[in-house]
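Colleague: How does the following fold in three dimensions:
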Amino acid sequence: MQVRPGVETDLEALTDLYNHYVRETAITFDTVTFLPEERRPWLLSHPKDGPYRLLVAQERDSDTCPGRLLGYATSSPFRAKPAYSTSVEVSVYCAPDAAGRGIGTLLYKALIEALEGEDLHRAYAGIAQPNEASVRLHERFGFRHVGTYEEVGRKFGRYWDVAWYERPLGPRT
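Modeller: Numbering: from 1, shown residues only. As a prediction, the model looks like this:
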């Protein structure tokens, strides 16, 4: 398996993976699936370097076919106002049949290492509850629970809580 920056040729696989979570889970609060073209601006907002990254985990290529996309991790702007520029929101999504294989850990390790080299102070993650696997993953990387928004999102005819986690990045001031 390899971890690398996401590129435009990943767009269809990334969209398919994300749409699974839109249709089947409350992990994302999007409620309508996307076409790849609709996700292109999102992909392009994550360049190869800088604070807003998109890393993908892919099976190793064989001589006859490219490896399958197993998951991705992103860092995105936390909020739009300039004073938030040293904070990012991070997320990770794994292919449903790839859960429990260490892909999320591999992706977050690479993402956190990349972000440590940027002018960033904090990373935040919002985790729809319940999601023990995601809580464990974030805690393993030094995120700590800082609060919960109760019944903040409605999907599948019910309300969901979102627990917020934070982790320091870069030099401590």
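
Colleague: May I see the buried residues of stretch 79-89?
Modeller: For stretch 79-89, the neighbour count (16 or more other Cβ atoms under 10 Å) marks 87-89 as buried. For glycine as for every other residue, the C-beta is placed from the backbone atoms N, C-alpha and C.

Colleague: wait, I meant stretch 11-31
Modeller: Buried residues in stretch 11-31 (16+ other Cβ under 10 Å): 11, 13-15, 17-22, 26-28.

Colleague: Identify the residues contacting it?
Modeller: 6, 32-36, 39-40, 43, 56, 68-69, 71-72, 93, 95-96, 128, 131, 134, 153, 155-156, 160 (Cβ atoms under 8 Å, 6 or more residues apart in numbering).

Colleague: are any of the residues you listed buried, and which?
Modeller: Using 16+ other Cβ under 10 Å as the burial test, the contacts of stretch 11-31 include 6, 34, 36, 39, 43, 56, 69, 71-72, 93, 95, 128, 131, 134, 153, 155, 160 as buried.

Colleague: now, which of those residues lie within helices?
Modeller: Among those, DSSP state H puts 36, 39, 43, 134 in helices.

Colleague: Show me the helices in this protein, by range?
Modeller: Remark: helices assigned in the chain by DSSP H are 11-24, 36-44, 103-116, 132-140.

Colleague: what's the angle from the last one to helix 103-116?
Modeller: This points to helix 132-140. Here helix 132-140 points in a direction 40 degrees away from that of helix 103-116 (axes from the mean of the first three to the mean of the last three Cα atoms, to 10 degrees).

Colleague: follow-up on the earlier one: nearest to Ala114, out of the ones in helices among the buried ones among the contacts of stretch 11-31: which one, please.
Modeller: Closest approach to Ala114 among those (Cβ to Cβ): Leu43, at 17.0 Å.

Colleague: residue contacts, the closest one?
Modeller: Counting by Cβ under 8 Å, 6+ apart, Leu43 touches 6, 8, 10-11, 14, 54.

Colleague: Name the nearest of those residues relative to Lys109.
Modeller: When these are ranked by distance to Lys109 (Cβ to Cβ), Leu54 comes first, at 15.5 Å.
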